[in-house]
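Engineer: okay, sequence plus prediction incoming.
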Amino acid sequence: MDKVQNNKAWFLVLPVLVLVAFSAVIPLMTVVNYSVQDTFGNNVFFWEGLGWFEQVLTDSRAHSALGRQLAFSGIILAIQIPLGIAIAVCMPKKGFWASVCLVLMALPLLIPWNVVGTIWQIMGRGDIGLVGYSLSAIGIDWNYARDPLHAWITVVVMDVWHWTSLVALLAYAGLQSIPQAYYQAAKIDQASRWSVFRYIELPKMQGVLLIAILLRFMDSFMIYTEPFVVTGGGPGSATSFLSIDLVKMALGQFDLGPAAAFSLMYFLVILLVSWVFYTIMTNLDKAEGR
Amino acid sequence: MVQITLDNLAHSYLPNPQSEDDFALKQLDHVWKDGEAYALLGASGCGKSTLLNIISGLLVPSRGRILFGDRDVTHQDTVARNIAQVFQFPVVYDTMSVGDNLAFPLRNRGMAPAAIAAQVQKIAAMIGMEDQLGRKARGLTADAKQKISLGRGMVREDVNAILFDEPLTVIDPHMKWELRTQLKALHNEFGHTMIYVTHDQTEALTFADKVVVMHDGRVVQLGTPEDLFDTPEHTFVGYFIGSPGMNLIDADVAGDTAHCGGHAIDLGGHYRAPQGRVQIGIRPEFVTLTTGDHGLPVTIKRIEDVGRHQILRAEFAGKPVNAILPEGFAMPAGANRLHFAPDRINVYADDWRVAPLQAVATPERKAV
Amino acid sequence: MVATSDTYTATVRRAALPKVRARHVVMVAYLLFMLVPIYWLAKMSLQTNQEILGGFTLWPQNPTLDNYRVILTDASWYMGYVNSITYVAMNTVLSLAVALPAAYAFSRYRFLGDKHLFFWLLTNRMAPPAVFALPFFQLYSSVGLFDTHIAVALAHTLFNVPLAVWILEGFMRGVPKEIDETAYIDGYSFPRFFIKIFMPLIASGIGVAAFFCFMFSWVELLLSRTLTAVNAQPIASIMTRTVSASGLDWGVLCAAGVLTIVPGALVIYFVRNYIAKGFALGRV
């Protein structure tokens, strides 16, 4: 749509600007402020320059947190995106059962995150949890509080449980928008089920899948509450993702300087990746002529 | 290539149709002769597309059978029927190139690559896209996409029939004419049975040997364009074909005279007094404007000059009556009566044409 | 001929049946995966602690509502729900109120820096709450808003406003511009046009945006816990007090968890027909 040039539109955006300036810019400036200063308490600050940034950049603890974070985001994207698409394809297209599936699938999305954590903390316990008990019963000594691998599996399964539906619902919305004529034409052309998926459904889902990947990447990169409730970042620091590490640093140890520097770089990484996705997305929009 | 027979066919989209109104397609018996080009004409929502989808096997009819030759294909799918179909809006595989789009139906049927390449070249030439074969289909104009869809419909030479569902809706007017000519040429060359759905009478009349007119889920007439023009079997055909459509006037018919509001009008045949709502129908082409006391007195509303001729818009008893006057026709002073050519008048009872018992001796009917 | 057609349909049936079944199996398995953990939570909420710890059972042997009674009769418990719902509602209203005009501006006009502004707004959706937790705490403490509902509602606008703008912009883009122009020609002022004509047109979009605001504000814990102490404490953070000297009070914890699922389930039920389109954020 060709839009009209009108700088007065700024007045319409003003409320958002004021609000976001208050809730984002001021706090962000505080963070920037901390990131370049040092304090020995009593609100006395010293100019520290880029010292904290250097410290964080060379800090092996931050490195390993980043590594764990990337691994976690990679794993859950690799599971949730294909699984979500598969579920969307298997869902009923319309009618009563479609509504039932939608409602049941959306359920985990609206559960407070610490309750999600609680649910899986319970499920994985060997004494009272269904999964933990069952695994112990068949001879696997399941203990996510002691075994890093078990902790990882628990956290990943929890995230798959929590968020796959979001991907599935997005993909389903994409599928719903495909006109019936495409399926009919494919039948006439004698296309196989795989061809229908590969040449009709997947291309039509491209836009929503990018949104799905973007949202899942951002949110998994910021994950805090759920793994914190289940494992507290342990055993050791096996499941200490970036946010958990950051909160430990900032609120636990009150290492404000390094925490702030860490925050900024953390934010920048997310921004960079998201910007790439966003650019691809808007270009795609343009290519579609929308 | 086979003859397609529709036997006692009916379709409803509801699981348990109760009354006749629930049927999108009412009782239908019809034979599509092998190798003919048909146009399926009707207003939107009259069941054209439903019928087409039943023939191609995308829909299974609620009742009746479809025969290809003498083979019952009612429950067979599209692949088994070997039918090509082109849809109203472009359906292209966005991520494939133009060439791959055209080759897709052939590849799916396991044709040899060399034969596919040759066939794709030929079709590309026909739709005028030879120089774009390597381009991705995404981002093409709706026009170009629809040409690809048409090409995909025509690329298989061994099909039993090609069905077109208003395929030129999104195409530019000048391109429309060209593509229609191409389709016609293709028909002449390969002799496929073609069924062409449209709501545009010009398209139907220029494309097809036989036109099937549908109205409200029913086939109301099958005939050549001349049949539809001269003897519409149903008032809908009279009104839908022609511009403006046929004039319909309530009348009492007895013998070879019709009485409209007390005015006698001569008919071209004898009729036993028909029952129900009786109307006479006359095309504006056969209405002339006269003076004197013969003919039907009307109130003249206006005259529209449409170039080749003029259209006289008049009213009789509050209902519109139209006449086509020759170009440059000077209206005689005081002219307010319309004369109907008697042998061009059709009589309708409850919308269906009533055949005359015998024609009054008239000069050559087909002279016009 | 008849015989061949019969064998043909028969083979088609044989091929088609397992495919249908595979779809259903996948779907049922997935839904079970979704529901079993929730069932487990509900099951435990109906058991006493002795029963939970006493032995492994698949369903409650002596179902009891005692755990729910504890929560619903103790103000320090149920006020958590009231607090949560209060700030979620405030946040939803606030987010929509500021996002509506902004989304309209983005969908209709080009203006200086519009694209950068839009992306900058989105970046706030990408900001990890953990980054903001401490600065928020200091900011709201310094202006005297600490431990109030409005503090949490404001903090949550950080990620909800960008999302609402994004969703609404998508829906508004789908409304033809001619409608605006016609209204102006008919003499509507901008506010009257916006409220009387435009908002009803994008009602489903507003519904979807409200749903998402509700959802993300309701499920968030890190910020809401950091910014509250007693008066505005959300239910999610009150739940942590089930840990006592004698160990965890599992039954009450699970009952509280089940109760946090209820509002979400209700909201989903009401918007179920919009979910599919809503999740595509108006961009399908």
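Structural biologist: Received the coordinates, thanks.
Engineer: per-residue confidence at residue 177?
Structural biologist: Picked chain A for this. In this model, residue A:177 is scored at 82, pLDDT.
Engineer: that's the other chain; I wanted chain B
Structural biologist: 82.
Engineer: could you do residue C:15 as well?
Structural biologist: Confidence score, pLDDT, at residue C:15: 43.
Engineer: what does residue C:281 give?
Structural biologist: 59.
Engineer: next up, the contacts around residue B:260.
Structural biologist: Residue B:260 sits next to B:249, B:250, B:251, B:252, B:280, B:296, B:316, B:317 when contact means C-beta atoms under 8 Å, 6 or more residues apart in numbering or on different chains. Where you see a C-beta, it was placed from the backbone N, CA and C, and this is true even at glycine.
Engineer: just the helices from chain A, written as ranges.
Structural biologist: Secondary structure of chain A (DSSP state H): helices located at A:9-20, A:26-35, A:51-58, A:60-90, A:96-106, A:113-123, A:130-137, A:148-176, A:180-188, A:193-195, A:202-221, A:225-231, A:242-247, A:256-287.
Engineer: least confident of those helices, on average?
Structural biologist: Averaging pLDDT over each of the helices of chain A singles out helix A:51-58 as the lowest, with a mean of 73.
Engineer: grab the nearest non-local neighbour of residue C:204.
Structural biologist: residue C:274 (5.5 Å; C-beta to C-beta, 6 or more residues apart in numbering or on different chains).
Engineer: which residues touch the residue of chain A at minimum distance from chain C?
Structural biologist: Nearest residue of chain A to chain C: residue A:110, at 2.7 Å (C-beta to the nearest C-beta). Residue A:110 makes contacts with C:215, C:218, C:219, C:261, C:263, C:264, C:265, C:267, C:268, as judged by C-beta under 8 Å, 6+ apart.
Engineer: the second one: neighbour count?
Structural biologist: When counting by other C-beta atoms under 10 Å in any protein chain shown, one arrives at 26 neighbours for residue C:218.
Engineer: what does the pLDDT read for it?
Structural biologist: Listed pLDDT for residue C:218 reads 90.
Engineer: could you say whether residue B:164 sits in a helix, a strand or coil?
Structural biologist: With DSSP: H, G, I helix; E, B strand; the rest coil as the basis, residue B:164 sits in strand.
Engineer: quick one: it and residue B:192 touch, right?
Structural biologist: No - counting by C-beta atoms under 8 Å, residue B:164 stays clear of residue B:192, with 11.1 Å between them.
Engineer: look at these two and report which has more neighbours.
Structural biologist: Neighbours per residue, other C-beta under 10 Å: of residue B:164 and residue B:192, the larger number sits with residue B:164, 26 against 23.
Engineer: what pairs with the more buried one across the strands?
Structural biologist: residue B:86, residue B:196 (DSSP bridges).
Engineer: could you measure from it over to residue B:40?
Structural biologist: Residue B:164 sits 9 Å away from residue B:40, going by C-beta to C-beta, to the nearest Å.
Engineer: and for the two, which residues touch both?
Structural biologist: Common neighbours of residue B:164 and residue B:40 (C-beta under 8 Å, 6+ apart) are B:195, B:196, B:197.
Engineer: any residue of stretch A:141-151 touching chain C?
Structural biologist: No - under the criterion of C-beta under 8 Å from any C-beta of the partner chain, stretch A:141-151 makes no contact with chain C; the nearest approach is 13.6 Å.
Engineer: who's in contact with that stretch?
Structural biologist: The contact list for stretch A:141-151 (C-beta under 8 Å, 6+ apart) reads A:124, A:126, A:131-132, A:135-136, A:153-154, A:230-231, A:234-236, A:238-239.
Engineer: list the buried ones in that stretch?
Structural biologist: Neighbour-count burial for stretch A:141-151, counted by 16 or more other C-beta atoms under 10 Å in any protein chain shown, picks out A:142, A:143, A:144, A:145, A:150, A:151.
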